[in-house]
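Visitor: Pasting the sequence and the predicted coordinates here, then a few questions.
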Amino acid sequence: MIYRYKAEDICLEHIFECGQTFRWRPAKNISGDAGHPEVYEGVCGGYFARVSLNDGVLTVDATGGDEEFWFNYFDLGRDYGEVKRVLSEKEPKILEATKQGYGIRILNQDFYEMLISFIISQNNNIPRIRKCIEAICEEYGEIIPGTDRYAFPKPEVLAAADVSRLAELKLGYRCPYIVESSKRFLEVGLPVENDTAALKKELLKYHGVGPKVADCIMLFGLGRVDAFPIDVWVKRIMNDMYGFELNDLKGMQAFAAEKFGEIGGLAQQYLFYYYREM
DNA sequence: GCGCAGGGGGTCG
DNA sequence: CGACCCCCTGCG
């Protein structure tokens, strides 16, 4: 099915390359406006999709989902112009970052997929994260009919996976985390906590999920835009921009909450993307 | 060319 | 606070 949406403040390259998702890539031999690849192909949960942007119209050609699903996935209900205004008002220094990261949007992704993906991301680099995730999908996910891509594996499958077979996918010490966390997810289901701090505490119970990964799961898998993931890049940013000691996680977290409030996660994405490009 | 640190969107014990 | 699986990079 094909779905079309009128959209502002959207750039596919910035959305798919800012590190929030790992299964999208530019379609070969198709280039769009302003030198940006404006056609991407990827897998979201169990759906394959080809996505393009032309004259402010987002086109999603997908094997599943519906109009509302993709509207929500691309966070089209949020006014990012307003987000940028608010952020720049709170912190003028961020204006440059919002220009550079023009069109970034926080994707509303599947909780379990984010749980496993960001467990894999720990102490790892983006190209290898992508490889690991593709490998686990090919090995444990179902092929999507009419494509050469595989759905993200179901929790039941990974919960029952043999650790030694998982290890063949070069997931390293993360293998037991993946199996244990899948089991736990099957037991406890989606978290229900309303309060962000309580929610984070709950996520930290997953083996292999620490503060940074928990924040990513909340931001990308639970729509909590107040979550502010602090990774090595954000540490450098906070050090560089505000003089925080590199190990002063608490100070940074408190500062972000104070400075960016309810939309800290959006500020984080702009800053992260901005600094990674330099 | 090749071997070896060093480090990567951290977490655990 | 050190170790950790694995991969890639830079340096001698």
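Guide: Yep, it's here.

Visitor: which residues of the stretch 151-278 of chain A fall in helices?
Guide: A:155-159, A:163-167, A:175-188, A:196-203, A:211-221, A:232-242, A:249-260, A:264-276 (DSSP state H, counting those that start in this stretch).

Visitor: contacting residues around stretch A:172-180?
Guide: A:116, A:119-120, A:122, A:136, A:158-159, A:161, A:163, A:166-167, A:171, A:206-208 (Cβ atoms under 8 Å, 6 or more residues apart in numbering). Yep, even glycine has a C-beta here, placed from its N, CA and C like the rest.

Visitor: which stretch of helix or strand covers whichever residue of the stretch 1-150 of chain A sits closest to DNA strand C?
Guide: Across the stretch 1-150 of chain A, no residue is closer to DNA strand C than residue A:123, which sits at 4.2 Å (Cβ to the nearest atom of the strand). Residue A:123 belongs to no helix or strand when assigned by DSSP states H and E.

Visitor: returning to what we had before: now the buried members of the contacts of stretch A:172-180.
Guide: A:116, A:119-120, A:122, A:136, A:158-159, A:161, A:166, A:171, A:206, A:208 (16 or more other Cβ atoms under 10 Å).

Visitor: can I get the CA coordinates of the helix or strand hosting residue A:53 in CSV?
Guide: Per DSSP H and E, residue A:53 falls inside strand A:47-54. In CSV, the C-alpha atoms belonging to strand A:47-54 read as follows (Å, rounded to 0.1, in the frame of the first residue of the first chain):
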residue,chain,number,x,y,z
TYR,A,47,7.1,-4.3,7.4
PHE,A,48,9.3,-3.5,4.5
ALA,A,49,8.9,0.0,3.1
ARG,A,50,10.3,2.4,0.5
VAL,A,51,10.1,6.0,1.6
SER,A,52,10.6,9.1,-0.5
LEU,A,53,10.2,12.8,-0.2
ASN,A,54,9.2,15.1,-3.0
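
Visitor: buried residues in that strand?
Guide: Per 16+ other Cβ under 10 Å, strand A:47-54 contains these buried residues: A:47-53.

Visitor: Repeat that for stretch A:82-97.
Guide: For stretch A:82-97, by 16+ other Cβ under 10 Å, it's A:83-84, A:86-88, A:94, A:97.

Visitor: For DNA strand B, give me its nearest residue in chain A.
Guide: At 0.9 Å from DNA strand B, residue A:19 is the closest residue in chain A, using Cβ to the nearest atom of the strand.

Visitor: So that residue is in contact with residue A:272, correct?
Guide: Yes: contact criterion Cβ atoms under 8 Å: residue A:19 and residue A:272 qualify, at 6.7 Å.

Visitor: Which of those two has more residues huddled nearby?
Guide: Shown here are residue A:19 and residue A:272; by other Cβ atoms under 10 Å, residue A:272 has more neighbours (21 against 18).

Visitor: Excluding covalently adjacent residues, which one is nearest to that one?
Guide: Using Cβ to Cβ, 6 or more residues apart in numbering and skipping the chain neighbours, the partner closest in space to residue A:272 is residue A:233 (5.5 Å).

Visitor: what about the one you found, how many residues close to it?
Guide: 17.

Visitor: now do residue A:110
Guide: With other Cβ under 10 Å as criterion, residue A:110 counts 16.

Visitor: Just the pLDDT at it, thanks.
Guide: Here the pLDDT value assigned to residue A:110 is 98.

Visitor: do the same with residue A:273
Guide: pLDDT recorded at residue A:273 is 89.

Visitor: Quick check: closest non-adjacent residue to it.
Guide: That would be residue A:101: by Cβ to Cβ, 6+ apart, it lies 4.2 Å from residue A:273.
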